[in-house]
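Peer 1: next comes the sequence, and after it the predicted model I'd like to discuss.
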Amino acid sequence: MVSPTRNSPRPLKGIRIVSLSLNLPGPAALMRCQQMGASCVKLEPPPAGAAKGLSGDPMGSYNRAAYETLHKGIRVAVADLKSDTGQKILHRELAKADVLLTSFRPSAMKKLGMEWKLLHRLFPMLSQVAIVGAPGKRAEEPGHDLTYLAENDLVNALDLPPTLYADMAGSLAASEAVLQAVLMKGQGKGQLIEVALSQAAAYLALPRTWGLTQTGAAVGGGHAGYRVYACKDGRVALAALEPHFAKAVCAAAHVKYDNILTMLAPQTRQAIAGYLQTMTREALETLAREKDIPLHTLA
């Protein structure tokens, strides 16, 4: 897991954040804010049903280990926001908070009596970071990580993506929005900042949109030094883009390197592919260390 180092800066020290977000994007953003020094409290709904081990946050029920990691150092309390008691708990926390983090649709916020105009009137210095699926009028549309990746051409064939890219990119955007809200606090009033997961996915897709990763492009398989190849006992992810890396790979594969065009030639890819197929993962890792070549072997 990526975690802050001992000397990581804590720009949010002294900032209080209240989160109502469930599942992944909001809690992941809150985790990062806590790591940056914020004092964080999360209000969860009461768990549905009486079965032991259930949580008001679905993540706590279907992956407890992930839930525990996400909430390390965060105070978690139960508050039924549909009740007067839950609303009192929420308002008590908001009165002390700098930022409110939410991930409800706008209609749900309205039903809970938490529209921005009302919140801003009650707590003028409070900022809200609102995580939504899609921006503007699309905020009421149902969607999840997979649909936002699909609409940005980031889903291949029938395979599920290896991680939840839109959710995690959205969590980064949300923690960035918290920093923005804190920086803008000097304006003397709270801010409403919307973070859309669909836009987070679109941001991740920019290299593809620009054509950088399209099939045959330089980092889409066209450059012989930037590909995944088969080796004798597995695979190797080769990332020898810069000329000095490319030269080292060509030297190992007995290919004459002239310039960048050498790496774009089909015969170069064929020669490197043939060479790598004769190499074990262990031998390739040794080669990488000795010749300073960026590669990573895979089973």
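Peer 2: It's in.
Peer 1: contacts for the helix or strand where Val129 lies, please.
Peer 2: For Val129, the element it lies in under DSSP states H and E is strand 127-132. Contacts of strand 127-132 with the rest of the structure, by CB atoms under 8 Å, 6 or more residues apart in numbering, involve 21, 25-26, 29, 98-106, 109, 116, 119, 139, 170, 174, 177-178, 181-182, 184-185, 190-197. The way it works is simple: take the backbone N, C-alpha and C, and place the C-beta from them, glycine included.
Peer 1: what sits closest to Met184 if chain neighbours are left out?
Peer 2: Distances taken as CB to CB, 6 or more residues apart in numbering place Gln191 nearest to Met184, at 5.2 Å, with adjacent residues excluded.
Peer 1: domain assignment for the protein?
Peer 2: 16-208, 218-298 (automatic domain parsing).
Peer 1: could you dump those into JSON lines and include distance to Arg10?
Peer 2: Formatted as JSON lines, these follow (distance: least, CB to CB, whole Å):
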{"stretch": "domain 16-208", "distance to Arg10": "3"}
{"stretch": "domain 218-298", "distance to Arg10": "32"}
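Peer 1: one step back: and the buried ones among the contacts of strand 127-132, selectable in PyMOL?
Peer 2: This is the PyMOL syntax for the buried subset of those, where burial follows 16 or more other CB atoms under 10 Å:
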select buried, resi 21+25+26+29+98+99+100+101+102+103+104+105+106+109+116+119+139+170+174+177+178+181+182+185+190+191+192+193+194+195+196+197
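Peer 1: so which of the contacts of strand 127-132 sit within strands?
Peer 2: 99-102, 192-196 (DSSP state E).
Peer 1: pLDDT averaged over stretch 58-71 - what is it?
Peer 2: The average pLDDT within stretch 58-71 is 94.
Peer 1: straight-line length of it, end to end?
Peer 2: With CA to CA, to the nearest Å as the measure, stretch 58-71 spans 13 Å from end to end.
Peer 1: buried stuff in it?
Peer 2: Residues of stretch 58-71 classed as buried by neighbour count (16+ other CB under 10 Å): 59-61, 67, 70-71.
Peer 1: now that stretch: how far from the chain's centre is it?
Peer 2: 17 Å (CA atoms, centre = their mean, to the nearest Å).
Peer 1: ok, now stretch 195-213?
Peer 2: For stretch 195-213, the distance to the chain centre is 12 Å (CA atoms, centre = their mean).
Peer 1: cool, stretch 46-63 as well?
Peer 2: Centroid displacement of stretch 46-63 relative to its chain, using CA atoms, centre = their mean, is 24 Å.
Peer 1: and for stretch 214-233?
Peer 2: Taking mean C-alpha positions (CA atoms, centre = their mean), stretch 214-233 and its chain are 25 Å apart.
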